[in-house]
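# dropping a prediction and its sequence here:
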Amino acid sequence: MKPFRFLHIADLHLDANPGKGKLHLPAGKRVIVRDRIKAAMRKLPDLIREKNLEAVLIPGDLFDREPTDPDILSFTIDIMGQVSPVPVFLLPGNHDSYIPRGNYDKDWLMIRHGVSWPDNVYIFNSEEFSTVPVPGRDDVTITGALTPAGAAAHRLSKKLPVEPGKLNILLFHGACVDGGLPDMPAADPFNTAELLSQDFDYTALGHYHSFRQFTDGEGKIRAAYSGTPWGQNLDESGEKYALSVELSYDEARLEKLKVIDYAIRDKTLDITGIKHRDALMDKILETIRSEHGKNDIFYVRLKGIIPPTLSVSGMDIDIRDECFHLFIDDSGVLPDYDIDRLSTEGTLLEKEFIRAMKARLDESLDKAGILTNALYYGLDALRGREVTPR
């Protein structure tokens, strides 16, 4: 039997709001990021043909929400049609559940928007597991089921049927609850033992946004999270991929495919010892340049002790030739106040404030972090410095 080659791409979260929250992307830059994602989508049909892939597997969260913006929905349906005749097996996830009159209701889409999913797209639309053949490959099957709404039992605790003599693939959108993976919203939980107890040759997983593969006792790759193919928020930093998978009875070979021209970089920089702004800006630019990503989005976390005269808030750094966006988080920086000296030699207000705050700290050890920040905020204010939340 010849190997089966396919694209495993999950958690695209189309129609999300990129850069929301801590990245502080302005509206104009959010539009640019969306355009870059659409440009990457347009390249997928050619990539599939160049790699001679026989199918596309999308295990959940193609869209970020339900309902999706009609233009994004129509755009995505058009791209999937361009993939034809290569079949697409699509599993709605916890963000884009299958609902009547929703993204995956073909009849409703035709009535409401005048578009519908093309014939090469197969959508798993039941919470009951079902198995379908791959067109042109009668030796390969795909099994899948909708992600149940709300909390679900460990559905992989029961062994699912496979077809002997064929390559069997499971499409699954769920949360692995062991193995040190990050906490995420509950979605079809399972553990590693349950996953590896199944007899599928490969399980294409969705839900977690970083790559992770699962191997059995013999070192054979049995399953993987492809992760999201592009970062849109701070918790999606680092390189992101889709996977080209070559599957045979003996092994699954995974090739990471970078399909987007940017990444989110989450960097921590200790600035203890920095004396002035020029030196600080040079150090930040050095960090950015070390990543060689002129399209990248940087979130730089400053930490350390700095002179009280050095203000790190509101810095204007020229990044036009360095990166796409930079946000500086200075919440980990503390001014180098000599608290003991100020408590005896400071102004009357400073001495009284430090005495009161030390008393509060002694009484409330469980709130030491908050009260320590309050101490520094107060000293900043008393000295006429800008108070920056930490």
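Noted; the coordinates are in hand.
# any low-confidence regions in the stretch 251-390 of the chain?
In the predicted model, the stretch 251-390 of the chain carries pLDDT under 70 at residues 388-390.
# how about the helices in it?
277-289, 339-345, 348-363, 368-382 (DSSP state H, counting those that start in this stretch).
# centre-most residue in the protein?
With distances taken as C-alpha atoms, centre = their mean, residue 236 lies nearest the centre of the chain, 3.3 Å away.
# got phi/psi on that residue?
Phi and psi for residue 236, reported as degrees, to the nearest 10, are phi -120, psi 40.
# quick check: closest non-adjacent residue to it.
Excluding the flanking residues, the one nearest residue 236 by C-beta to C-beta, 6 or more residues apart in numbering is residue 209, at 5.1 Å. In short, each C-beta sits where N, CA and C put it, glycine included.
# and for residue 254?
Residue 254's closest residue in space is residue 243 (C-beta to C-beta, 6+ apart), at 5.3 Å.
# what about that neighbour, helix or strand, and which?
Assigned by DSSP states H and E, residue 243 belongs to strand 242-247.
# now that strand: how far from the chain's centre is it?
20 Å (C-alpha atoms, centre = their mean, to the nearest Å).
# so which elements touch that strand?
strand 4-8, strand 202-206, strand 252-257 (3 or more C-beta pairs under 8 Å, 6 or more residues apart in numbering; DSSP states H and E).
# neighbouring strands - and their directions - for it?
If you go by DSSP bridges, strand 242-247 pairs up with strand 4-8 (antiparallel), strand 252-257 (antiparallel).
# right, so those: which one is the most enclosed?
Most buried of the strands paired with strand 242-247, by mean neighbour count (mean count of other C-beta atoms under 10 Å): strand 4-8, with a mean of 24.
# beyond that one, next helix or strand please.
Helices and strands here follow DSSP H and E; after strand 4-8, the next one along the chain is helix 27-50.
# now for the next helix or strand after that following helix, which elements pack on it?
Once helix 27-50 ends, the next helix or strand along the chain (criterion: DSSP H and E) is strand 55-59. Contact analysis of strand 55-59 by 3+ C-beta pairs under 8 Å, 6+ apart lists strand 4-8, strand 88-91, strand 137-144, strand 167-173, strand 202-206 as its packing neighbours.
# report the residue spans of the stretch 51-200 of the chain with pLDDT below the cut-off.
150-152, 179-186.
# if we can go back for a sec, spit out the contact partners of the residue nearest to residue 254.
The contact partners of residue 243, by C-beta atoms under 8 Å, 6 or more residues apart in numbering, come to 7-9, 211, 224, 226, 254-257.
# equivalent analysis for residue 126, please.
Taking C-beta under 8 Å, 6+ apart, we find residue 126 in contact with 145-146.
# how close does it get to residue 307?
64 Å (C-beta to C-beta, to the nearest Å).
# how about residue 45?
57 Å.
# ok, residue 74 next?
56 Å.
# then residue 330?
Relative to residue 307, residue 330 is positioned 14 Å away (C-beta to C-beta).
# which of those two has more neighbours?
residue 330 (21 against 13; other C-beta atoms under 10 Å).
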